[in-house]
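[1] Build me a structure from this.
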Amino acid sequence: MRLPSLLLVTTLLWGCAEEGPNVALGTLERDRIALTATAAEVLVDLPVAQGTLVKRGTVLARLDDREQRAVVERSKAEVTQASANLQKLRNGPRPQEIAGARAQVAGAKADLREAEITYKRNTELLVRKAVSQADVDQSLARRDAASARLDEARETLDQLLAGTRKEELDQAEAQLAAAEAELAYQQALLADLTIVATRDGVLDNLPWNLGERVTVGSPVVILLAGDEPYARVYVPEPHRVQIKEGDVLKVHVDGLEGMLDGKVRWISAEPAFTPFYALNEADRSRFMYLAEVLLPASAASLPNGVPAQVEMP
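    Residues are numbered from 1 along each chain as shown. Prediction:
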């Protein structure tokens, strides 16, 4: 978009260098702030009209946020779940759980006693040929199984009595921290779907229409920020060494009587066009260095794009 303007400025500057090399030509500009889309969503609201003066924090556009709100709610549920799990581990087992484990141990002991009695009786009956060897083997297996269940019940009770291990607490804390971080990230994505002014300025352009689905990374709102404009001009090469940041120069704006005092806030260290080592001395005199000359507060009402001239020292 700036290439035709750049070529036009270049042509004017070269002509100026032939007729009067003591001026730098350009236009009035303000900082151009492009507020881009972070998601491919439908544009559902444009509450501010183009050309309106806005303050920082003003809502300028809204994208459809229903899907992202659902994601945020799911993340909140995961945080609640992780927090409850951590609190459960910190509290340790309830008395009812310990009582239940004790009952399991008691029941396992009773089963083991019964299995041992049955095994001993079958062993004695085997001697008198009253039972078969298979009956004895089955009773032995039942006794061994009952013994294993008793050991398991005791281990469960001991685990409950010992409480939660530190490693389990660390793991639960890490899971909660991860869930909270994910929630914060999803909330930030949700907030980005409401586009607000990041600086005071003028709403210059709304590239998308209401109801369109924007593309990720595309500008949704363009602001022109700053109270006072600055003259973006191209300084001829012979004057580059005489200008530095902070210098006060005279600026003439088309349509205004008299001159304005402007302060150089920035000047490029590199020429805007062909590298110097590719040109001879005569051609190098046509170099242009892009510079920005900030105008005083009295120029706050001046529009962008108006031609301006800056007198060289």
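[2] Could you tell me whether residue 229 really is in a strand?
    Yes - assessed by DSSP: H, G, I helix; E, B strand; the rest coil, residue 229 belongs to a strand.
[3] which residue packs closest to it, ignoring adjacent ones?
    Of all residues not flanking residue 229 in the chain, residue 28 sits nearest, at 4.4 Å (CB to CB, 6 or more residues apart in numbering). Any C-beta I mention is one placed from the backbone N, CA and C, and that applies to glycine too.
[4] One more: residue 107?
    Per CB to CB, 6+ apart, closest to residue 107 is residue 153, 7.6 Å.
[5] before we move on, the earlier item: looks like the residue nearest to residue 229 contacts residue 306 (just checking).
    Yes - if you go by CB atoms under 8 Å, residue 28 and residue 306 touch, sitting 4.7 Å apart.
[6] list the residues that contact both of those two?
    residue 253 (CB atoms under 8 Å, 6 or more residues apart in numbering).
[7] quick one: which of these two has more around it?
    Using other CB atoms under 10 Å, the more surrounded residue of residue 28 and residue 306 is residue 28, with 23 against 15.
[8] quick check, that one in a strand?
    Yes - checked against three-state DSSP, residue 28 lies within a strand.
[9] Check what pLDDT it gets.
    At residue 28, the pLDDT value in this model is 94.
[10] Quick check: beta-bridge partners of it?
    Following DSSP bridges, residue 28 is listed with bridge partners residue 231.
[11] any idea how far residue 130 is from it?
    116 Å (CB to CB, to the nearest Å).
[12] again with residue 172
    58 Å.
[13] Against which helices or strands is the helix or strand harbouring residue 99 packed?
    Applying DSSP states H and E as the criterion places residue 99 in helix 95-127. For helix 95-127, the packing partners by 3 or more CB pairs under 8 Å, 6 or more residues apart in numbering; DSSP states H and E come out as helix 133-162.
[14] Sort out which residues of the helix it packs on are buried, please.
    For helix 133-162, the neighbour count (16 or more other CB atoms under 10 Å) marks 135-136, 139-140, 142-143, 146-147, 149-150, 153, 156-157, 160 as buried.
[15] C-terminal to that helix, what's the next element?
    helix 166-192.
[16] for that next one, the distance to its chain's centre please.
    15 Å (CA atoms, centre = their mean, to the nearest Å).
[17] which of the residues in that helix are buried?
    For helix 166-192, a neighbour-count test (16+ other CB under 10 Å) marks 172, 175-176, 179-180, 182-183, 186-187, 190, 192 as buried.
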